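Trainee: Sequence first, then the predicted structure, then my questions.
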Amino acid sequence: MEILLVYRENDLFQEYIPEVIETLTSLGHQVKTHSFPLGTDKVEIRKWAQEHKNEFKNRAVMVDGTFRRAISYELQEELDVNSLDEFFDKATEMVVLGTDYKELLAEMGSSDMETTGKAYYALIQRILESKENLPEKVYVRGYHILDHNPFYSLIQSLKDDIKKAEAVAVETLKKWLVEGGIPAGSILFYEGEKGEVEIGAGDWIIADRHIIEWVYKGHPTIILEMPFSNFYRSAQKQGLIKLRPREIEKNLRKLLREKFST
């Protein structure tokens, strides 16, 4: 089988895409890649997608959230599209939840949302085992929160009502944070593309990686990126947890073999 990887570059992908290529190649697949530089505008990505859409047919396609949103629902339904972010998220959730792939699927039930929620509050609990990690305030950005799983699915389930989907997403995230041990009164939401507020050095900012790429790079406080695989990695960068990259790689290989073994 020929598999095409299409994505916009970021730190997480730079680290794990080589593992994806190596695993798929070891399974006997021909792997081709097309990456866009970090910060590439969505209009440019959408234009490339339209110009090359015939190249996606008769092959499996693995894409990130940015590229997935650049192609229409109709084209997605025509193609064998797989989410790179979902593979990375699940591989990381398996580390946090201490479970193997089949147990993870069993826990999932009918919804990825439930499993991802378990992973978020389990990780928050682990972070807060050190009391000095408890933030005074947590600022959550709703802008771009729908860009990745598990919240991306809310767009279609709520019939493209973006404001309603964002509201559901932020309330769901707040629930996970509270279950993890963050006091509800410490969690603040704010909207807009900028919307800067007074943020202390020990506070947290939680936002999708897309807005962090261009708003918060270099910000002096603790910044935690979404989706979940980025959240885990950024928590490690901030010194809140210890990263376990070998286990993530092992889980990633397991997930890829389960999906793409011939």
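Mentor: That came in fine, so what should we check first?

Trainee: Please report how far residue 75 lies from residue 114.
Mentor: 29 Å (Cβ to Cβ, to the nearest Å). Heads up, the C-betas are built off the backbone N, CA and C, glycines and all.

Trainee: ugh, typo on my part, it should be residue 21
Mentor: Using Cβ to Cβ, we find residue 21 at a distance of 31 Å from residue 114.

Trainee: The two - which one has more neighbours?
Mentor: Taking neighbours as other Cβ atoms under 10 Å, residue 21 and residue 114 compare with residue 21 leading, 16 against 13.

Trainee: How many residues are close by residue 1?
Mentor: A count of nearby residues for residue 1, using other Cβ under 10 Å, gives 14.

Trainee: Use 851 as the first number from now on
Mentor: In the new numbering, first residue 851, that becomes residue 851.

Trainee: Is it in contact with residue 908, as I believe?
Mentor: No. Applying Cβ atoms under 8 Å, one finds residue 851 not in contact with residue 908, separated by 9.7 Å.

Trainee: which stretches of the stretch 851-1000 of the chain form strands?
Mentor: With DSSP state E, counting those that start in this stretch as the criterion, the stretch 851-1000 of the chain has strands at 852-858, 880-886, 910-913, 930-933, 988-991.

Trainee: Backbone dihedrals for residue 890, please?
Mentor: Dihedral pair for residue 890: phi -60, psi 130, per degrees, to the nearest 10.

Trainee: What are the neighbouring residues in contact with the closest residue to it other than its chain neighbours?
Mentor: For residue 890, ignoring the flanking residues on the chain, the nearest one in space by Cβ to Cβ, 6 or more residues apart in numbering is residue 858 at 5.6 Å. Going by Cβ atoms under 8 Å, 6 or more residues apart in numbering, residue 858 touches 885-888, 890, 895, 914, 916-917.

Trainee: Just the local confidence number for residue 1092, please.
Mentor: What the model reports for residue 1092 is a pLDDT of 82.

Trainee: ok, and the closest residue to it other than its chain neighbours, which helix or strand is that part of?
Mentor: Nearest residue to residue 1092, sequence neighbours excluded (Cβ to Cβ, 6+ apart): residue 1086, at 6.7 Å. Following DSSP states H and E, one finds residue 1086 within helix 1078-1087.

Trainee: Which SSE is immediately downstream of that helix?
Mentor: Sequence order places helix 1095-1110 as the next helix or strand after helix 1078-1087, per DSSP H and E.

Trainee: Kind regards, and thank you for your time.
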